[in-house]
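Okay, here's the prediction I keep looking at, along with the sequence it came from:
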Amino acid sequence: MSIAEIDLHSALKKYFGFSGFKGLQEEVIKNVVNGNNTFVIMPTGGGKSLCYQLPALIKEGTAIVVSPLIALMKNQVDAIRAVSEHEGVAHVLNSSLNKTEVKRVKDDISNGITKLLYVAPESLTKEEYVDFLKTQKISFMAVDEAHCISEWGHDFRPEYRNLKTIIKRIGDDIPIVGLTATATPKVQEDILKSLGMPDAVTFKASFNRPNLFYEVRPKTKNVDADIIRFIKQNEGKSGIVYCLSRKRVEELAQVLQVNGIKAVPYHAGLDAKTRVKHQDMFLMEDTDVVVATIAFGMGIDKPDVRFVIHHDIPKSIESYYQETGRAGRDGGEGHCLAYYAYKDIEKLEKFMSGKPVAEQEIGHALLQEVVAFAETSMSRRKFILHYFGEEFDNETGEGGDMDDNVRNPKKQVEAQDDVKI
Ligand code: ADP
Ligand code: MG
């Protein structure tokens, strides 16, 4: 081990208490420490934060971290402060700060105390902040959730579009680190282009989740009964059932309860107190099942979710992957069961009809991939990984037999409304 490697390991231990790096972390961190433009693609939970936090703590100057979620920024700042001698080691700069607080942040940066400065992209457009940051020693710029830059991503944010211009104004030669869990080649291209770093060294981890079993069933009018049967066969296990609408969430949660299943609803229409309560019930195992809209899941880290059911097919493969990815985080069993009827696709198309044409076109293209996935007779895993630009061989790859099509090869299935299960 070279001195530099020993240093990285001891810094990892000192600041984070971890005894080893995960996956590609060490290579990424070396690249960032060396001041190169870097592009990191790792699935959710892969440990992307550390890829900029550790270099920031080691390097001279302040690293600017752009992230779209204020709550997540605050969590990270608290965590870093907890292991540092000086509270000023990490700050969030946003519109909620008063003059005194802003001055304090600026002083800590000028005095070389602040190693990590978290900013929301819209705050970074503020003339005053840019003028100040221009005069400071900036170690690098990390753009977390970098897929927000792309209209092909699932979470496009217009404010992300101007980042490159702003970074250039702060400093012409500031190294950039982009990070995302979105693996589609189109989004990746967009990110590299928008951040103006065609030379970036790219690190991409595999998106294969070998312990997840993928299954698609035709959706019939008996779908509720089928879900009940499935859950009863998995009694006592934790699971999530995703529905498209709040109304369906409420109805299905009730149907499950009536059938003796411990289930609670979760959607953005419920008041905050109820939402927190239901989420806690799930984490504390006071309920087995959460029936939810996609409002449920972000930042929920329950390791032993045993199944994720899609009562309605999601609007993209990306969403499907993220949502099913909440199963089997602990490496144990995770059954991903989606119900598919073509008329649900038509419904999703209809939802988009009020949107700008460009957005509709993208939405339509993403939906066509979902149709192809649902109707394919090839390995689901192979399909998903191919979508993410990854070659997968079912003979040699991990989890190669973990989907319905591989287990029970069949002719192409098409959604029919009157199929008996
Ligand atoms: P991502 O942003 O890729 O979704 P996070 O950065 O939030 O992932 O990290 C996911 C989890 O992995 C966190 O709980 C984090 O503390 C943990 N983690 C990260 N790196 C390591 C490591 N080297 N050893 C052990 N745990 C780690
Ligand atoms: Mg992250």
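Perfect, thanks for sending it. Ligands and ions are numbered 1, 2, ... in the order given.

same for the longest helix that the chain contains, what does it pack against?
The single longest helix within the chain, with elements called by DSSP state H, is helix 357-375. The contact analysis (3 or more C-beta pairs under 8 Å, 6 or more residues apart in numbering; DSSP states H and E) places helix 357-375 against helix 317-324, strand 334-340, helix 342-352, helix 380-387. (Each C-beta comes from the backbone N, C-alpha and C, glycine too.)

Minimum distance to residue 182: which of these has it?
helix 317-324 (6.4 Å; C-beta to C-beta).

near ligand 1, anything from that closest one?
No. Judged by C-beta under 6 Å from any ligand atom, helix 317-324 makes no contact with ligand 1; its nearest approach is 10.7 Å.

quick one: that helix to strand 334-340, angle?
Orientation check (axes from the mean of the first three to the mean of the last three C-alpha atoms, to 10 degrees): helix 317-324 against strand 334-340 gives 140 degrees.

what does helix 317-324 contact?
44, 153-154, 181-182, 184, 207, 209, 212, 214, 240, 242, 294, 297, 308, 310, 313-314, 334, 336, 338, 366, 369-370, 373, 384, 387-388 (C-beta atoms under 8 Å, 6 or more residues apart in numbering).

how about the helices and strands packed on helix 357-375 in JSON lines, adding mean pLDDT and distance to residue 84?
Listed next are those as JSON lines, based on pLDDT from 0 to 100; distance: least, C-beta to C-beta, whole Å:
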{"stretch": "helix 317-324", "mean pLDDT": "95", "distance to residue 84": "32"}
{"stretch": "strand 334-340", "mean pLDDT": "98", "distance to residue 84": "36"}
{"stretch": "helix 342-352", "mean pLDDT": "95", "distance to residue 84": "46"}
{"stretch": "helix 380-387", "mean pLDDT": "97", "distance to residue 84": "39"}
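
got CSV for these, with mean neighbour count too?
Shown next, in CSV, are the helices and strands packed on helix 357-375 (neighbours: other C-beta atoms under 10 Å):
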stretch, mean neighbour count
helix 317-324, 23
strand 334-340, 23
helix 342-352, 15
helix 380-387, 21
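
what about the stretch 201-350 of the chain, any weak spots by pLDDT?
299 (pLDDT under 70).

before we move on, the earlier item: what's the longest helix of the chain in contact with?
151-152, 216, 313-318, 320, 338, 340, 342, 345, 348-349, 352-353, 355, 380, 383-384, 387, 412-415.

isn't residue 152 right up against residue 190?
Yes. With contact defined as C-beta atoms under 8 Å, residue 152 counts as touching residue 190 (6.2 Å).

Next, give phi and psi for the residue lying closest to residue 175 once chain neighbours are set aside.
The shortest distance from residue 175 to any non-neighbouring residue, by C-beta to C-beta, 6 or more residues apart in numbering, is to residue 140 (4.2 Å). Residue 140 has phi and psi values of phi -170, psi 170 when expressed as degrees, to the nearest 10.

now residue 140: how far from ligand 1?
With distances taken as C-beta to the nearest ligand atom, to the nearest Å, residue 140 is found 17 Å from ligand 1.

per-residue pLDDT, the residue most central in space within the chain?
Residue closest to the mean C-alpha point of the chain, counted by C-alpha atoms, centre = their mean, is residue 44 at 4.9 Å. Per-residue pLDDT puts residue 44 at 86.

Run a quick neighbour tally on the nearest residue to it once chain neighbours are set aside.
The shortest distance from residue 44 to any non-neighbouring residue, by C-beta to C-beta, 6+ apart, is to residue 181 (4.6 Å). Using other C-beta atoms under 10 Å, residue 181 has 21 neighbouring residues.

go on, residue 410?
Using other C-beta under 10 Å: residue 410 sits among 9 other residues.

I'd like the secondary structure assignment at it, please.
Recorded secondary structure, residue 410: coil (DSSP: H, G, I helix; E, B strand; the rest coil).

for residue 142, same thing?
Assignment for residue 142 (three-state DSSP): strand.

And it, how far from residue 65?
5 Å (C-beta to C-beta, to the nearest Å).

do the same with residue 363
30 Å.

To residue 230, which of the helices and strands packed on helix 357-375 lies closest?
strand 334-340 (6.5 Å).

The closest one pairs with which strands?
Strand 334-340 pairs in its sheet with strand 212-218 (parallel), strand 305-310 (parallel), by DSSP bridges.

Kindly format the C-alpha coordinates of that strand as PDB.
This file holds the C-alpha atoms of strand 334-340, laid out as PDB (Å, rounded to 0.1, in the frame of the first residue of the first chain):
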ATOM      1  CA  GLY A 334     -37.000  -9.800  -2.900                       C
ATOM      2  CA  HIS A 335     -40.000 -10.600  -5.200                       C
ATOM      3  CA  CYS A 336     -40.900  -7.900  -7.700                       C
ATOM      4  CA  LEU A 337     -44.400  -8.500  -9.100                       C
ATOM      5  CA  ALA A 338     -45.900  -6.200 -11.700                       C
ATOM      6  CA  TYR A 339     -49.400  -6.300 -13.200                       C
ATOM      7  CA  TYR A 340     -49.700  -5.300 -16.700                       C
END
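
orientation of it relative to helix 357-375 in degrees?
Using the same axes, to 10 degrees, strand 334-340 lies at 110 degrees relative to helix 357-375.

Show residues contacting strand 334-340.
Residues outside strand 334-340 that contact it (C-beta under 8 Å, 6+ apart) are 209, 211-219, 223, 226, 230, 234, 305-314, 320, 324, 327-328, 374-375, 415.

Pull out the buried members of those.
209, 211-219, 223, 226, 230, 234, 305-314, 320, 324, 327-328, 374, 415 (16 or more other C-beta atoms under 10 Å).

Of residue 142 and residue 65, which one has the most company?
Higher neighbour count among residue 142 and residue 65: residue 142, with 28 against 25, using other C-beta under 10 Å.

what residues does the stretch 1-150 of the chain put near ligand 1?
18, 21-22, 25, 42, 44-50.

Restricted to helices, list these.
25, 49-50.

Among the residues you listed, which one lies nearest to ligand 1?
residue 49 (3.2 Å; C-beta to the nearest ligand atom).

hang on, the earlier thing: list phi and psi for the residue nearest to residue 44.
phi -110, psi 10.

circling back: now pLDDT and distance to residue 269 too, for the ones in helices among the residues of the stretch 1-150 of the chain next to ligand 1, in JSON lines please.
What follows is those, written out as JSON lines (pLDDT from 0 to 100; distance: C-beta to C-beta, whole Å):
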{"residue": "25", "pLDDT": "98", "distance to residue 269": "39"}
{"residue": "49", "pLDDT": "95", "distance to residue 269": "31"}
{"residue": "50", "pLDDT": "96", "distance to residue 269": "36"}
